[in-house]
Structure formats: structure tokens, C-alpha cells
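1. model this:
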Amino acid sequence: PTTSHERHCTKDYLVPGTDITIPKGRIVKVFFNSVENDEKNFKNPKSFDPDNFLPENEPNKFAYMNFGQGPRACPAMRYALMTQKIFLAHFLRNHRVVSSPKSNMGLIELDPKDGMFAIKGGVWFKIEKRI
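-> Alright, predicted model coming up:
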């Protein structure tokens with residue numbers, strides 16, 4: 001992670017609400033540490049708190065930019081997702097995920113106190129090697 005990004009201005013840009021124009025060709029350095037630590041963007045910005053990203057806390061989706069945003073986001077982030085998918089495909093080719101005696105096969109309830117996608121009672125399963 002980093003604390004700033006540099007961008008190359010591709011056309012003259014008038015900063016909204018000012019009389020400042022960034023000329024075409026200028027390198028613009030964007031520091032975002034103050035944006036990440038602003039209570040307008042996150043409920044609890046000074047500490048590691050995953051609840052900062054819950055929808056009910058209305059996080060600014062562009063305020064956390066350590067890995068970049070959009071097409072210039074950190075390539076390692078996309079690589080990590082691709083690696084996880086390859087691992088999962090390889091693993092599932094050789095193994096099966098089956099229900100266990102503890103599996104809840106009835107109505108699934110979300111547990112709001114444990115996070116966004118936490119299921120009450122947990123998710124129980126067994127892994128079996130394919131023959």
C-alpha cells in the first residue's frame with residue numbers, strides 16, 4: 001500500500017469551485033492519507049475496523065485507495081483474485097464439498113451482529129477426496 005498516486009493530466013482541467021487550471025501534461029500527485037482518516041468518509045477512521053465498510057455506515061467507496069481505483073488499480077490485487085480462483089478450481093477438481101452432520105439444511109438466517117454475510121450457527125461442511 002502507498003499514501004499517494006501520480007497521474008498524468010491528459011487535458012487542461014479546471015478544478016471545480018476554484019480558478020485553478022491544471023495544464024495538460026502536468027504530473028498530479030494525489031495524497032489520500034487525509035481522505036482515509038476523515039470521519040466524513042469512515043465511522044472509525046483511525047483504527048482497523050472492518051465495520052467501516054458496512055453499507056449502513058455509508059462509506060465513501062473512493063476514500064480507501066491504498067491499492068488504487070479503476071483500471072490503474074494495483075495489478076497484484078487482480079493477480080491475487082485470479083490465483084484464488086485457480087486454486088479453487090484445482091482443489092474442487094480433486095475434492096468434493098459435502099454436508100456434514102452439523103450442516104444447517106433448513107432456512108439460513110443472517111447474523112447481523114457478526115458481520116455483513118455471517119450465517120447464524122456458521123457454515124459446516126466436509127471435504128472428501130474424489131476417487
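2. How far does the helix or strand residue 78 falls within sit from its chain's centre?
-> Using DSSP states H and E, the secondary-structure element containing residue 78 is helix 75-94. Centroid separation between helix 75-94 and its chain, computed with C-alpha atoms, centre = their mean, to the nearest Å, is 17 Å.
3. Stretch 43-59 now?
-> Mean-position distance between stretch 43-59 and its chain equals 12 Å (C-alpha atoms, centre = their mean).
4. And stretch 33-47, by the same measure?
-> Taking mean C-alpha positions (C-alpha atoms, centre = their mean), stretch 33-47 and its chain are 16 Å apart.
5. Can you pull out the low-pLDDT segments for the chain?
-> Applying pLDDT under 70 to the chain picks out residues 1-2, 112-117.
6. what about the helices in it?
-> Under the criterion DSSP state H, the chain contains helices at 33-36, 75-94.
7. Tabulate those (TSV), appending distance to residue 48.
-> (C-beta placed from N, C-alpha, C; glycine too.) TSV is the format used below for the helices of the chain (distance: least, C-beta to C-beta, whole Å):
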stretch	distance to residue 48
helix 33-36	12
helix 75-94	18
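8. what about the ones you listed, which gets the closest to residue 103?
-> Closest of the helices of the chain to residue 103 is helix 75-94, at 17.9 Å (criterion: C-beta to C-beta).
9. Where do the strands of the protein begin and end?
-> Listed in chain order, the strands of the chain (DSSP state E) span 4-8, 13-14, 21-22, 27-31, 95-99, 125-129.
10. among the ones you listed, which is the most enclosed?
-> Among the strands of the chain, the stretch with the highest mean neighbour count (mean count of other C-beta atoms under 10 Å) is strand 21-22, at a mean of 14.
11. Could I get the contacting residues of the closest residue in space to residue 118 that isn't next to it in sequence?
-> Distance criterion C-beta to C-beta, 6 or more residues apart in numbering; nearest residue to residue 118, sequence neighbours excluded, is residue 111 at 4.5 Å. If you count contacts by C-beta atoms under 8 Å, 6 or more residues apart in numbering, residue 111 has them with 118-120.
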